[in-house]
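Can you look at this prediction? I've put the sequence above it.
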Amino acid sequence: MTTYLDFEKPLAEAAARAAELRATGTPAGEKAAAKLDARADKAAAALYAKLTPWQRTQVARHPERPHFKDYVAALITEFTPLSGDRGFAEDAAIIGGMGRFNGRSVMVIGHEKGADTASRVKHNFGMGRPEGYRKAIRLMELAGRFGLPVITLVDTAGAYPGAEGEARGQAEAIARATQASLDLPVPMIAAIVGEGMSGGAIGLAAANRIVMFENAVYAVISPEGCASILWRGDDKAASRAAEAAEAMKLTAADLLKLGVIDRIVAEPGGAHRAPAEAIANLGAALATELAGLEGQSPAELRAGRRAKFLAMGRLI
Amino acid sequence: MSWLTRIRPRLTGFLGRRETPDNLWHKCRACNAMVYTKEFDENLGVCPKCEFHERIGPKERFAQVFDGGVHTRLEIPAVPEDPLGFRDQKKYTDRIKAARTATSEPEAMAVATGKIGGVDAVVAVQNFAFMGGSMGLAVGEAFLTGAMAAVKARAPFIIFTAAGGARMQEGILSLMQMPRTTVAVAELREAGLPYIVVMTDPTTGGVTASYAMLGDIQIAEPGALIGFAGQRVIENTIREKLPEGFQRAEYLLEHGMLDMVVPRKDLHATLARLVELLMRQRVAA
């Protein structure tokens, strides 16, 4: 069943009405339903063209939004998952492996949130533990040694804030993942495909080029977290999330302006509504960015990455 | 020079000299013992009764860590202030102003050069009193300034960390300071220079998950809270109370995340020995 977000109420109503009309089984009913569908599509496009940052946050978290496995299934052939950090465990929240992208061997690493209750639990809702980041480092180093470009798909509410993860060095694992990314002798492209929250995101996002879906969000903390910290003492702190989302500048359009991302990937009407189109757009964006880095030496790739992050904040 | 700038230093000088009962005594936050402020300061900001290490700012730290307290502050290049035009309950610019007035420091990280055990060193100190030490553009710039000064002078870079994490009011740009400072660490590595981290209370969030955990040597002060996630957040996640001592320096040492926990009184000697061993690899036997 389709999940509708609060602000999609008119779309939900239209869909329900169309279903009723179809249920009549008459040609007239079908015709009216089709007309209604067309109108709903137009309304959806108009609605999605001017979403607020908070609404986009909800779209980025939409349960039917494509995830790592959907992108890989559509864009990567011969995908061969690789497991384990070789020190402690396999973390299903951050997964990765080798495969071919447009015929070229690549390493793909990313957060997987899961698609239903069982798989969400299995993948810990895409919240990585230290071993997940350490596996990412291992795969990056492997890619570096064999000259495979690295593509990361970032989609996390944040690294998992558990007690055991702290004991095993959650912070250190993230810091080392960022360090490993910056050190790569091969091209690295990060795609912010859903939520890119906090250190849990940056550990996989210190790339040469960063692309982002138009309804994805990328921020230092979730709007709810930001609101609870900055509006502490305000009894409506929780309801300030929308306000915080606005202030934080977490949308793709804002981040492009700030120079934090390089390219916005279109997802008309939301990636959950038209996943095939969104995934194809992402594939095209990744191909373009990879082509742009073709022929650069390891030293140039490293230097480019360094210069990119050193400039952030200086040139606003 | 305007009237205001001429008079103001004298005014604050006058106020600063006055000894009020407020600063004659120091009350320990840990054991509640009342200690003469003078005695407390002479004990490096550590409670003489219970050894609790109180948070100290750059001024005190530089005085303690450099030989004879002799040091020169480095100027930190200006960064865009309030890049997002952020306001929550207060305007961000007002929060910065208030922090500057309260601390007499321009931002949450200060950098200085001097000698430690006779070896030239660059030291950065993060100041928890300045907006929780939070890492934004200015802190990133200070870190970069320090690291680059160390590379230029072929000196070790030592940082005393203290921060709640990233500065919320600078949004994504504060998150970008994580890779940005990591680039500086890479430059130090390539130059073959020691990067020593001394974690002080508290060091959490994005600061821990970037430059604070990338030291060649990881030191912490006793009892310092060190972690990624905040304790309240963790307790809400696992729905149980955290054990005593969780995320403290000694806990991290036990879990292999630190090289050593060093009391403040031994820090100067420890740092001197470390930089000596790393920088002067051969001395006359």
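Arrived safely.

Please identify the buried residues of stretch A:299-306?
A:L301, A:R302, A:R305, A:R306 (16 or more other CB atoms under 10 Å in any protein chain shown). Heads up, the C-betas are built off the backbone N, CA and C, glycines and all.

For that stretch, give me every contacting residue.
A:181-188, A:206-208, A:293, A:296, B:183, B:186 (CB atoms under 8 Å, 6 or more residues apart in numbering or on different chains).

nearest to A:A46, of the buried residues of stretch A:299-306?
A:R305 (39.1 Å; CB to CB).

quick one: the closest one is in a helix?
Yes: assigned with DSSP: H, G, I helix; E, B strand; the rest coil, A:R305 falls within a helix.

residue contacts, A:R129?
A:A89, A:D91, A:A93, A:A159, A:Y160, A:G162, A:E164, A:G165, A:R168, A:Q170 are the contacts of A:R129 under CB under 8 Å, 6+ apart.

Which residues does the most centrally placed residue in chain B form beta bridges with?
With distances taken as CA atoms, centre = their mean, B:Q126 lies nearest the centre of chain B, 2.6 Å away. The bridge-partner assignment for B:Q126, based on DSSP bridges, gives B:M109.

who are the neighbours in contact with it?
B:A108, B:M109, B:G133, B:V139, B:I159, B:F160, B:T161, B:A162, B:A163, B:T200, B:V207.

Which residue is the nearest non-sequential neighbour of the first one?
So the one you mean is B:A108. Leaving aside its chain neighbours, B:A108 sits nearest to B:F130 (4.0 Å; criterion: CB to CB, 6 or more residues apart in numbering or on different chains).

How about the fourth one?
Closest residue to B:V139 apart from its sequence neighbours, by CB to CB, 6+ apart: B:M109 at 4.5 Å.

so what's that neighbour scoring on pLDDT?
On pLDDT, B:M109 comes in at 98.

Check A:P268 too.
So, for A:P268, pLDDT stands at 87.

and it, how many neighbours?
For A:P268, the neighbour count with other CB atoms under 10 Å in any protein chain shown is 16.

so B:E141 sits right up against B:E75, yeah?
No: look at B:E141 against B:E75 with CB atoms under 8 Å: they stay out of range, at 10.7 Å.

More neighbours: those two, which one.
Neighbour count, other CB under 10 Å: between B:E141 and B:E75, B:E141 has more, with 22 against 8.

ok, back up a step: near chain B too, which of the contacts of A:R129?
With CB under 8 Å from any CB of the partner chain as the criterion, the contacts of A:R129 include A:A159, A:Y160, A:G162, A:G165, A:R168, A:Q170 near chain B.

now, which of the residues you listed lie within helices?
Counting by DSSP state H, these place A:G165, A:Q170 in helices.

residues contacting B:R180?
B:R180 sits next to A:F309, A:L310, A:M312, A:G313, B:G140, B:L144 when contact means CB under 8 Å, 6+ apart.

which residues does residue 79 contact?
In the absence of a named chain, this looks at chain A. Applying CB under 8 Å, 6+ apart, the residues near A:F79 are A:V72, A:A73, A:G97, A:M98, A:G99, A:V108.

should've been chain B
A:G313, A:R314, B:L137, B:A138, B:G140, B:E141.

Give me the nearest residue to it, chain neighbours excluded.
In space, B:V79 comes closest to B:L137 once its chain neighbours are excluded; the distance is 4.0 Å by CB to CB, 6+ apart.

Kindly report the same for A:G194.
In space, A:G194 is closest to A:D155, 3.6 Å off (CB to CB, 6+ apart).

From the contact counts, what lies against the helix or strand hosting the one you found?
Element membership for A:D155 (DSSP states H and E) is strand A:150-156. Contacts defined by 3 or more CB pairs under 8 Å, 6 or more residues apart in numbering or on different chains; DSSP states H and E place strand A:150-156 against helix A:68-75, strand A:104-111, helix A:130-146, strand A:188-197, helix A:198-202.

tell me which residues in it are buried?
Those would be A:V150, A:I151, A:T152, A:L153, A:V154, A:D155, A:T156, for strand A:150-156 by 16+ other CB under 10 Å.

per-residue confidence for the first one?
Okay, so that is A:V150. pLDDT for A:V150: 98.

swap in the last one?
At A:T156, the predicted lDDT confidence score is 98.

Any idea what it is bridged to?
A:G196.

Looking at the contacts of B:Q126, which one is closest to A:A15?
B:V207 (47.1 Å).

So the closest one, which state does it fall into?
B:V207 - assigned by three-state DSSP - is coil.

can you give me the strands in chain A?
A:76-82, A:94-101, A:104-111, A:150-156, A:188-197, A:209-213, A:217-219, A:263-265 (DSSP state E).

Tell me which of these sits nearest to B:V122.
In terms of CB to CB, the element of those nearest to B:V122 is strand A:188-197, at 30.4 Å.

Which of the contacts of B:Q126 fall in strands?
Those of these lying in strands (DSSP E): B:M109, B:I159, B:F160, B:T161, B:A162, B:A163, B:T200.
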